[in-house]
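**Student:** I'll drop the sequence and a predicted model, then ask my questions.
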Amino acid sequence: MITRRAALGAALTGALMLGAALAAPAAAHQQKRAISTIAGNARSGKLEIMHQVPVHDAEHALRAQGAQSPDIIGSEASREAFATYVARRFLLAVDGKVASPDYVGSEIAGGSLWVYQELPLPAPGTPITVNSQILTDMWASQMNRVNIGTGAGVTTLIFTAGTGAQDAVLPG
């Protein structure tokens, strides 16, 4: 004879297994978003640019570009290849001049690949022009958010496939 506790336990276990089975395919889909942050660091004298891209999306992009077995987590070569891609797809002009930020490095954190760039820190109030087309060549529904500044003074720009460059001013 099955006790009420055993029946409840079996039902709960079945529900948890079903939930896990349904969640697994959802986790494997592209998130189709990238977040970039542009912020001044007075201590280092650098304008820091940080790009956060889901690992799965980055690997999909490398595969679409011909990489045989991209592995963002396990392969430094894959991370470097994607960082090069990011640098080509994220364009920045400072005070009307095209900027070429230096590549600082990359790391994996919380299911995302972080790509870091920097350039000399311009004065507060300097106009900048940004165009973030990271992964828009992969998916028409890709949405990229670029946050400029920190704290309460953040300006956010949104880019999708076909969005042109947008202007902002570096906060003080």
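**Tutor:** Done, it's in. Numbers count the residues shown, from 1 in each chain.

**Student:** Next SSE downstream of the helix or strand harbouring Arg79?
**Tutor:** Element membership for Arg79, per DSSP states H and E: helix 76-89. Note on helix 76-89: by DSSP H and E, the next helix or strand toward the C-terminus is strand 90-94.

**Student:** Output the lowest mean pLDDT helix or strand found in the protein.
**Tutor:** The helix or strand of the chain with the lowest confidence, counting by mean pLDDT, DSSP states H and E, is helix 4-27 at a mean of 41.

**Student:** Can you list the strands that the next helix-or-strand element following that helix pairs with?
**Tutor:** Sequence-wise, the next helix or strand downstream of helix 4-27 (DSSP H and E) is strand 33-41. With DSSP bridges as the test, strand 33-41 is paired with strand 46-54 (antiparallel), strand 143-148 (parallel).

**Student:** Let's have those strands in a markdown table, adding mean pLDDT, distance to Gly66 and mean neighbour count.
**Tutor:** From N, CA and C alone the C-beta is placed, and that goes for glycine too. Formatted as a markdown table, those follow (pLDDT from 0 to 100; distance: least, C-beta to C-beta, whole Å; neighbours: other C-beta atoms under 10 Å):
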| stretch | mean pLDDT | distance to Gly66 | mean neighbour count |
| --- | --- | --- | --- |
| strand 46-54 | 97 | 19 | 21 |
| strand 143-148 | 98 | 23 | 20 |
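
**Student:** Which residues belonging to the helix or strand encompassing Gly105 are considered buried?
**Tutor:** Gly105 is part of strand 102-109, with elements assigned from DSSP H and E. For strand 102-109, the buried set under the neighbour-count rule, 16 or more other C-beta atoms under 10 Å, comprises Tyr103, Ser106.

**Student:** low pLDDT regions in the protein?
**Tutor:** Scanning the chain for pLDDT under 70 picks out 1-31.
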